[in-house]
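Colleague: after the sequence you'll find the predicted model.
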Amino acid sequence: MSPAATAAATSFAAAAATAAPTAPSRGCVRLPFRGGPGAPRRAVASMAVSTPRSAAAASFLERRESERALHFVKYQGLGNDFIMVDNRDSSEPKVTPEEAAKLCDRNFGIGADGVIFVMPGTNGADYTMRIFNSDGSEPEMCGNGVRCFARFIAELENLQGTHSFTIHTGAGLIIPEIQSDGQVKVDMGEPILSGPDIPTKLLATKNKAVVQAELEVEGLTWHVTCVSMGNPHCVTFGAKDLKVDDLKLSEIGPKFEHHQMFPARTNTEFVQVLSRSHLKMRVWERGAGATLACGTGACAVVVAAVLEGRAERKCVVDLPGGPLEIEWREDDNHVYMTGPAEAVFYGSVVH
Ligand SMILES: N[C@@H](CCC[C@H](N)C(=O)O)C(=O)O
């Protein structure tokens, strides 16, 4: 898909709605959204266009619908936003990594931090989730994405109320549960702490884990704790009086992401401790840069804070896009994440 084609496609994305929109009467494009509790109305309402549709516009829109169109729904979890694709009829993603990068472009595409595919289940799971980052790379897992995934499935399968699914991911089996208030609680599994499995070349410092290890970045020595939630994270609490708001994230983030100590690159979280149950973080994501939230990152932060003796196992983690509740349970060693996920709009692009 050329950038021009993408731009053109995006401009009519709202009009060429997927999932059989209520028949537009005389060119009034209305996008129905059958959301559960907390479902967005504002964004959908803003898509309603009441200008009568001209013959030229109608034929343009119909032509677009009849071409090879990719239908999508845009979701966000605390501002970490994804293009969700119903891929239940195939185990091959409907777009390539290169196309995904173009679709994620905020100027020439739809704009998103990643593209997520809802695929048939494998290994006995209800569904399989695959994701491409906005640079086209494929991570193992995405915490905010899996909450969006659960809400998207509920819409696709017309499920109301509380529901739980098993989802096969590159990080193993992940189990989200839609709660009665519309929030999604996710069993994110066990954190991985062994350096080679994360992976990092940093040597273990404490009980085979890489805790407060020294890492040279830009002439400074940072203390980092490395955790995998299926995908790699490097967590730093920085200096004693670190204020995460003061960080020049776009300068320092890439230096961590591409550091030679992280052979698969890394996500990096910069954390400020507000209290033993309240943390504040900013994230530089592998393959996506600065994002408003990172679910796996928030989980890794609580694990790192516990390993460093800075926090309790149950914390609220403030991200630029809002708070997540995270608990690293002692009895099963699993990390649980609770937070919102919402549909923003839907449409289609020609690719
Ligand atoms: N934003 C996500 C993480 C997405 C994947 C990450 N960029 C990676 O490459 O590992 C989350 O909410 O967890």
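Modeller: Arrived safely, thanks for sending. Numbers count the residues shown, from 1 in each chain.
Colleague: from one end of stretch 300-315 to the other, what's the distance?
Modeller: Counting by Cα to Cα, to the nearest Å, the length from the leading to the trailing residue of stretch 300-315 is 12 Å.
Colleague: touching, H351 and I83? I think so.
Modeller: No - taking Cβ atoms under 8 Å as the definition, H351 is not a contact partner of I83, at 11.4 Å. Any C-beta I mention is one placed from the backbone N, CA and C, and that applies to glycine too.
Colleague: common neighbours of the two, please.
Modeller: Taking Cβ atoms under 8 Å, 6 or more residues apart in numbering as the contact rule, the neighbours common to H351 and I83 are L103.
Colleague: neighbour count winner among those two?
Modeller: Looking at H351 and I83 with other Cβ atoms under 10 Å, you find the greater number of neighbours at I83, namely 26 against 18.
Colleague: and the strand or helix carrying that one, average pLDDT?
Modeller: Using DSSP states H and E, I83 falls within strand 80-86. Across strand 80-86, the average pLDDT comes to 98.
Colleague: contacting residues around that strand?
Modeller: Strand 80-86 is contacted by residues 70-76, 93-95, 100, 103-104, 110-118, 131, 142, 144-145, 148-149, 152, 156, 291-295, 321, 344 when judged by Cβ under 8 Å, 6+ apart.
Colleague: around the ligand, pick out the residues from the stretch 201-350 of the chain.
Modeller: For the stretch 201-350 of the chain, the contact set with the ligand under Cβ under 6 Å from any ligand atom comprises 231, 267, 285-288, 291, 294-297.
Colleague: widest-spaced pair of those?
Modeller: Checked with Cβ to Cβ, those reach their widest spread between G287 and G295, with 15.1 Å between them.
Colleague: nearest residue to the middle of the protein?
Modeller: Ranked by distance to the mean C-alpha position of the chain (Cα atoms, centre = their mean), the top residue is G145 at 3.6 Å.
Colleague: that older thread, which among the contacts of strand 80-86 end up buried?
Modeller: If you count burial by 16 or more other Cβ atoms under 10 Å, the buried members of the contacts of strand 80-86 come out as 70-76, 93-95, 100, 103-104, 110, 112-118, 131, 142, 144-145, 148-149, 152, 291-295, 321, 344.
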